[in-house]
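Colleague: my questions concern the predicted model and sequence given below.
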Amino acid sequence: MSGTPGSFAPLRQTTFAVVWAATVLGNTGSFMRDVASSWLVTDLAAGPAAVSLIQAAGTLPIFLLAIPAGVLSDILDRRRFLIAVQVLLAAVSAALMVLSSLGLMTVTALVALTFVGGIGAALMAPTWQAIVPELVPAKEMKGAVALNSLGINIARAIGPAAGGLLLSAAGAAVTYGADLASYAVVILALLWWKRPAKAEDALAENFGGAFRAGIRYARASRELHVVLLRAAIFFAFASAVWALLPLVARNLLGGDAELYGILLGAVGLGAIGGALLLPRLRTVLDADGLMLAASIAAAAVMAALALAPPTWLALPALLLLGIAWIVALTTLNGAAQAILPNWVRGRALAVYLTVFNGAMALGSLSWGLVAEVAGVPAALLAGAGGLVLVSFVLHRVKLPAGEADLVPSNHWPEPLTTDPVPHDRGPVLILIEYRVAKADRGPFLRAVEDLSTERRRDGAFDWGITEDAADPEKIVEWFIVESWAEHLRQHHRVSRADADVQGAVRGFHRGPEAPVVRHFLTIMPGRG
């Protein structure tokens, strides 16, 4: 098949289609469960702090566990891992169903089970993203990612409304039971999927090493820092509407669980519309413009809800909120995806998820406390005003364009050794010797600053630049990695963009040959 695949081409891949459909159904059940829990807590304890605590309990585990989950998704069998997580989530819904049916539900039990459900969501999120390349050809990857986003928003549109209707008609126990049945469908789909056995990799990472490598990358990537900052500030302020929406439905709009589900369904429908509208918006606004527009729109909705509008006006406002939310979410996620090489994508996206959910959890708790003291309308107005203010301030902090070529360059030669080196031996010191003319020293040091960032991102835990006291034109760059295996991984992590940075540095070298590279292995005292 020639040309660009259509948007729905991945659905022709049977395994992807089955897993995708099951995931949509599973997410629909999860949204139904969340509606039941969010509404049930208003019956058990109507205070804003208790209501916002449910929101925080669902998002806090993702803040705490997203990075370990990203590591696990890289080192475990992803199919078996997903099945185990689905069983955990099914057990949570079963417990919620039993407690509700027996009339034994308490705020403490509801928060605790919501927290355990959040743990399952934290473990699952990076792995669902990681399996997509296993289900579709490379040329259909973009379409598959777009379909996953569409599937989540379909579930967000259907699940809350269906959950609200079922909750109003049959009660919380039946609603939790529907969620339990959805997990059974997902488990059956995963059991049906025959995932090929993973090939042996001599340089496969263990949990500790992979975790440290991911953290090192996140610490060294300045572009990722910008995305994380913009995400943290936006979600901290925008979380006010999500934390307080159950109380908006009940206290400001005078509605019931059915209305709450309909309001959430309106947000989901708006998100679907926003996803369809986004390609057109991108032709007139860049990423920073989209974020500013989304922030202003979300703030306007929050301010409108604070005025206790009639339902006929609240519904289109929440449609607009859905559009703003998906525009901001997609823009930030797209910026993160565009700057990440494949070797660390899952772990770095897990850092993004950590910041996202941490901001949502902290924001939910904070706005719940503000509402407890000043009232729901005042909290919404404060959130709206703060969101507009910080959005204009952060508009100057531009999101990265993500135009660098991150395909591995594979231009580093294999290091020469007299004898095989055990992979776990380390630390390893690497020295690169340059000859730089005095007139070029300033430009060379500026160029090597970018190189230091690249070395740290790809695995070095320390880096420096030195000169020979007897020959100032001899400059030695050094960096240290934790093991020989980690250095060999560096050889495969260097991208074409990194190669350009290294080429710019080597352009200042004035020696007759290429810069000399040496590798030094740590010797433990007292050992032969």
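Modeller: Okay, I see it.

Colleague: list the helices and strands the host helix or strand of Ala361 packs on?
Modeller: In this structure, Ala361 sits in helix 345-374 according to DSSP states H and E. Judged by 3 or more C-beta pairs under 8 Å, 6 or more residues apart in numbering; DSSP states H and E, the packing partners of helix 345-374 are helix 48-75, helix 107-135, helix 207-220, helix 222-247, helix 311-338, helix 376-394. Yep, even glycine has a C-beta here, placed from its N, CA and C like the rest.

Colleague: chain center to the longest one, what's the gap?
Modeller: Counting by C-alpha atoms, centre = their mean, to the nearest Å, helix 107-135 is centred 13 Å from the centre of its parent chain.

Colleague: one more: stretch 215-226?
Modeller: 14 Å.

Colleague: for Val448, what are its contacts?
Modeller: Going by C-beta atoms under 8 Å, 6 or more residues apart in numbering, Val448 touches 465, 477, 505.

Colleague: now, among the residues you listed, which is nearest to Ala304?
Modeller: For these, the minimum distance to Ala304 (C-beta to C-beta) is 54.5 Å, reached by Val505.

Colleague: any idea how far the closest one is from Ala162?
Modeller: Between Val505 and Ala162 the computed distance is 59 Å (C-beta to C-beta, to the nearest Å).

Colleague: again, but for Lys398
Modeller: For Lys398, the distance to Ala162 equals 41 Å [C-beta to C-beta].

Colleague: who has more neighbours, those two?
Modeller: Neighbours were counted for Lys398 and for Ala162 using other C-beta atoms under 10 Å; Ala162 has more, 20 against 12.

Colleague: can you list the weak-confidence ranges in the stretch 151-300 of the chain?
Modeller: 197-203 (pLDDT under 70).

Colleague: where does Ile432 sit: helix, strand or coil?
Modeller: Counting by DSSP: H, G, I helix; E, B strand; the rest coil, the backbone at Ile432 sits in strand.

Colleague: now do Ile465
Modeller: strand.

Colleague: could you list every helix and strand in contact with the longest strand anywhere in the chain?
Modeller: Longest strand in the chain, counting residues (DSSP state E): strand 471-481. The criterion is 3+ C-beta pairs under 8 Å, 6+ apart, and the helices and strands that strand 471-481 contacts are strand 428-435, helix 441-457, strand 462-468.

Colleague: and these, which is most packed in?
Modeller: The highest mean neighbour count among the helices and strands packed on strand 471-481, using mean count of other C-beta atoms under 10 Å, belongs to strand 428-435: a mean of 19.

Colleague: give me the helices and strands touching that strand, please.
Modeller: By 3+ C-beta pairs under 8 Å, 6+ apart, strand 428-435 packs against strand 471-481, helix 484-493, strand 516-521.

Colleague: return the distance of the shortest one from the chain's centre.
Modeller: Same thing as strand 516-521. 37 Å.

Colleague: next, name the residue at the spatial heart of the protein.
Modeller: Leu353 (3.2 Å; C-alpha atoms, centre = their mean).

Colleague: state the distance from that residue to Ile339.
Modeller: Distance of Leu353 to Ile339, given as C-beta to C-beta: 16 Å.

Colleague: likewise Ala169?
Modeller: For Ala169 relative to Ile339 (C-beta to C-beta), the value is 47 Å.

Colleague: okay, the two: which has more neighbours?
Modeller: Counted by other C-beta under 10 Å, Ala169 and Ile339 do not tie: Ile339 has more neighbours, with 21 against 11.

Colleague: got the contact list for that one?
Modeller: Residues near Ile339 by C-beta under 8 Å, 6+ apart: 221, 223-224, 227, 400, 402, 404, 406.

Colleague: among these, which one has the most neighbours?
Modeller: When neighbours are counted by other C-beta under 10 Å, Val227 leads the contacts of Ile339 with 28 neighbours.

Colleague: confidence score at the residue of the chain positioned farthest from its centre?
Modeller: What lies farthest from the middle of the chain is Ala470; by C-alpha atoms, centre = their mean that is 50.4 Å. Per-residue pLDDT puts Ala470 at 91.

Colleague: now swap in Gly363 and tell me
Modeller: pLDDT for Gly363: 89.

Colleague: again with the one 5 residues further on
Modeller: With respect to pLDDT, Gly368 has a value of 87.

Colleague: any weak-confidence spans in the stretch 1-150 of the chain?
Modeller: Where the stretch 1-150 of the chain drops to pLDDT under 70, the residues are 1-7, 45-52, 133, 138, 141-143, 145-146.

Colleague: can you give the domain ranges for this structure?
Modeller: Per automatic domain parsing, the domain ranges recorded for the chain read 9-193+206-394, 428-521.

Colleague: hmm, back to that, between the helices and strands packed on helix 345-374, which gets nearest to Leu89?
Modeller: Of all these, helix 107-135 comes closest under C-beta to C-beta, at 4.2 Å.

Colleague: which other helices and strands does that closest one contact?
Modeller: helix 14-44, helix 48-75, helix 78-101, helix 141-170, helix 345-374.

Colleague: and Gly254, how far from Phe234?
Modeller: According to C-beta to C-beta, Gly254 stands 30 Å off from Phe234.

Colleague: which one of these two has more residues nearby?
Modeller: Phe234 (25 against 11).

Colleague: which residue packs closest to that one, ignoring adjacent ones?
Modeller: In space, and not counting its chain neighbours, Phe234 is closest to Ala328: 6.0 Å by C-beta to C-beta, 6 or more residues apart in numbering.

Colleague: I figured that neighbour was touching Ala293, is that so?
Modeller: No - look at Ala328 against Ala293 with C-beta atoms under 8 Å: they stay out of range, at 9.1 Å.

Colleague: higher neighbour count, the two?
Modeller: Ala328 (25 against 19).

Colleague: span of stretch 336-348 from start to end?
Modeller: Taking C-alpha to C-alpha, to the nearest Å, the first and last residues of stretch 336-348 lie 8 Å apart.

Colleague: kindly report the same for stretch 333-343.
Modeller: One end of stretch 333-343 to the other measures 17 Å (C-alpha to C-alpha).

Colleague: residues of that stretch that come out buried?
Modeller: Buried residues in stretch 333-343, counting neighbours by 16 or more other C-beta atoms under 10 Å, are found at 333-341, 343.

Colleague: next, the contact list for Pro408, please.
Modeller: Pro408 makes contact with 341, 492-496, according to C-beta under 8 Å, 6+ apart.

Colleague: and these, which two are furthest apart?
Modeller: His492 and Arg496 (13.0 Å).

Colleague: now Ala257: phi and psi?
Modeller: Main-chain torsions, Ala257, degrees, to the nearest 10: phi -60, psi -30.

Colleague: thought it was touching Val35?
Modeller: Yes - counting by C-beta under 8 Å, Ala257 touches Val35, with 7.3 Å between them.

Colleague: overlap of the contact sets of these two?
Modeller: Residues touching both Ala257 and Val35 (C-beta under 8 Å, 6+ apart): 164, 167.
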